[in-house]
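Colleague: Quick one, what's the 3D model for this:
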Amino acid sequence: MPFWLEAVREEDRSLGENESLLQAGIVWDAREHQKSGRLFLHVGRKRAWDYHRRRLENAAVIALAEGLVLSAALLLAHAIELWLNKSALFPRWAWGMPVLWWFVALALRLLPGWGLGAAEELRRLVMSLAMLFMSIMVFLFLARRATSSARFLLSVGGVLAIVLVPMARYLARGVLIRFKRWGVATVIYGGNGMVEQVIYALQKEPQLGYVPVGIFHLDQGLWGSKIKNIPVLGGVDANTAEAPIAVVALPGLPVSRLSMLLDGPLAIYKQVVLIPELVGVPSLWVRASNIGGTLALELTSNLLDPLAQGLKRLMDVVLLLSTLPIWLPLIGIIALLVWLEDRKAPFFTQERIGLEGRKFHVIKFRTMVPNAEAVLQHYLNNNPQARAEWMATFKLKNDPRITRIGRWLRRLSLDELPQLFNVLKGDMSLVGPRPLPAYHHHELPPQVQRLRLRVRPGVTGLWQVSGRSDTGNEGMARWDSFYVRNWSIWLDLVILMRTVPAVLRGHGAY
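Modeller: Residues are numbered from 1 along each chain as shown. Next up, the predicted model:
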């Protein structure tokens, strides 16, 4: 047993708030910190090596996957060129592009990519890949080596790489997460209900790589207990060598006390993530600036900018027209199946509230029996529990109105596929707040109503891919507000990509 652990056990009574950490098996250094006089954990070389080993392991797996896919994209582009031109040659310099990409990814902190949100990660990936291919093209032009084969390889290979490399990263990281080899141990400092929010956020977004392993809480009554199966190791004046990263969520804590924590127990961590007091403000793209030596955070409402709305509309039209051969035949097949079930019209329309409060008719596949309203009223009048569920979400998990094929369409959200015609018309967008009928719209808080009226509703949205109907009206209001304030092309692309697995899982869809 290390001498400093024996010293701690001999001085057990003097540890006070740190006693629960001993019981949790955490190793303490009994030597006093000369500056503050408090007890600190011994940061051993083994823990530092564990951190670097995990970081190297994660980065290597991601880099290998991306390098292989980047090479495959270039080879596929060359194969296409060979099909068009039998005499095309694969340039030798192209074999070095995966290595160049690794240097770029390291410089932009994309390897391993811990702490990056999905939208920011996608933005960095796409922009850096585009810049890499464009830079090589410019270099070849300046060197007078930009042959037709080189131009074709960089153009087609670049497009393929921009599509395939993010997919390779997502799949490789998914494998690491599945086998619990992704991320780094993280402790949380907090109180006043913030701890639960932070744990929920980190566990819901495992790609961030922050794995909660312990909590240091302001409330002494919680020391030695567990919150969401994470042990509360002690008070905020303690620390641990078991984790190299700390997330600090201490709203209302005086600045002087926070400064003491940063210079004291938090100083041993390799990285400290500080959640400011404006945690309730929905913002993804926060810009930090320096105003006379004072930190300032700039918050925006991105989608309320007319230029952003125009760019979003352009993206909708381009994506829809480019995928027309896929979704148009699918709509035709589903319409035929709906008609064959009861020989009734396969489509129906419902009135919804749209941009600037204008009413429009959303197009859907019919999934209910013809006398749906009468069936619903009879069911609600005879089932108080169902009525309570209906009043909470305006949906029923066991809806008696739904047909057999309609239940299948709803589970996969295919009943909303005809809304793509609404997008082409301009009433809706591919991504946005869910279009609501008037009675549902007026159930939302006034400030959320005003925000929703300033943007087009969407076929899919952040609410749908973040729990969908399971989060209720409160969740919908929160996610819609977050989306409007933090919109970007990258966020839209992330939502579109997440819609497919959310639909296939069918969570919250009924």
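Colleague: Geometric centre of this structure: which residue is closest?
Modeller: For the chain, the residue nearest the mean C-alpha position is Ala118 (4.7 Å; Cα atoms, centre = their mean).
Colleague: quick one: Gln401 from Pro370, how far?
Modeller: For residue 401 the amino acid is Arg, not Gln. Counting by Cβ to Cβ, to the nearest Å, the gap from Arg401 to Pro370 is 10 Å. Just so you know, the C-beta spots here come from the backbone N, C-alpha and C atoms, and that holds for glycine as well.
Colleague: what about the two, which has more around it?
Modeller: When Arg401 and Pro370 are compared for neighbours, Arg401 comes out ahead with 17 against 12, by other Cβ atoms under 10 Å.
Colleague: Helix, strand, or coil at the nearest residue to Pro206 once chain neighbours are set aside?
Modeller: Nearest residue to Pro206, sequence neighbours excluded (Cβ to Cβ, 6 or more residues apart in numbering): Ile177, at 5.1 Å. Using DSSP: H, G, I helix; E, B strand; the rest coil, the secondary structure recorded for Ile177 is helix.
Colleague: Which positions in stretch 71-81 come out as buried?
Modeller: With burial defined by 16 or more other Cβ atoms under 10 Å, the residues of stretch 71-81 counted as buried are Ser71, Ala72, Ala73, Leu74, Ala77, His78, Ile80, Glu81.
Colleague: should've said stretch 243-262
Modeller: Ala243, Pro244, Ile245, Ala246, Val247, Val248, Ala249, Leu250, Leu253, Leu258, Leu261.
Colleague: Contacts for stretch 213-231, please.
Modeller: 17, 20, 23-24, 26, 185-192, 195-196, 199-200, 203, 212, 232-236, 238-240, 242-243, 250 (Cβ atoms under 8 Å, 6 or more residues apart in numbering).
Colleague: Can you flag the buried ones in these?
Modeller: 17, 20, 24, 26, 185-191, 195, 199, 212, 232-236, 238-240, 242-243, 250.
Colleague: how about the helices in the stretch 51-200 of the chain?
Modeller: Counting by DSSP state H, counting those that start in this stretch, one finds helices in the stretch 51-200 of the chain at the ranges 97-107, 118-142, 148-178, 194-204.
Colleague: Ala398 and Pro437, how far apart?
Modeller: You called it Ala, but residue 398 is Asn. From Asn398 to Pro437 the distance is 21 Å (Cβ to Cβ).
Colleague: Same drill for those two, tell me which one is more crowded.
Modeller: Higher neighbour count among Asn398 and Pro437: Pro437, with 14 against 11, using other Cβ under 10 Å.
Colleague: isn't that one right next to Thr349, touching?
Modeller: No - Pro437 is not in contact with Thr349 according to Cβ atoms under 8 Å; the separation is 11.9 Å.
Colleague: got the residue ranges for the strands in the stretch 251-400 of the chain?
Modeller: For the stretch 251-400 of the chain, the strands defined by DSSP state E, counting those that start in this stretch cover 271-274, 287-291, 294-298, 347-353, 359-365.
Colleague: Adding mean pLDDT and distance to Asp480, write the helices of the stretch 51-200 of the chain out as a markdown table.
Modeller: As requested, the helices of the stretch 51-200 of the chain are exported to a markdown table (pLDDT from 0 to 100; distance: least, Cβ to Cβ, whole Å):
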| stretch | mean pLDDT | distance to Asp480 |
| --- | --- | --- |
| helix 97-107 | 92 | 34 |
| helix 118-142 | 92 | 16 |
| helix 148-178 | 93 | 25 |
| helix 194-204 | 87 | 18 |
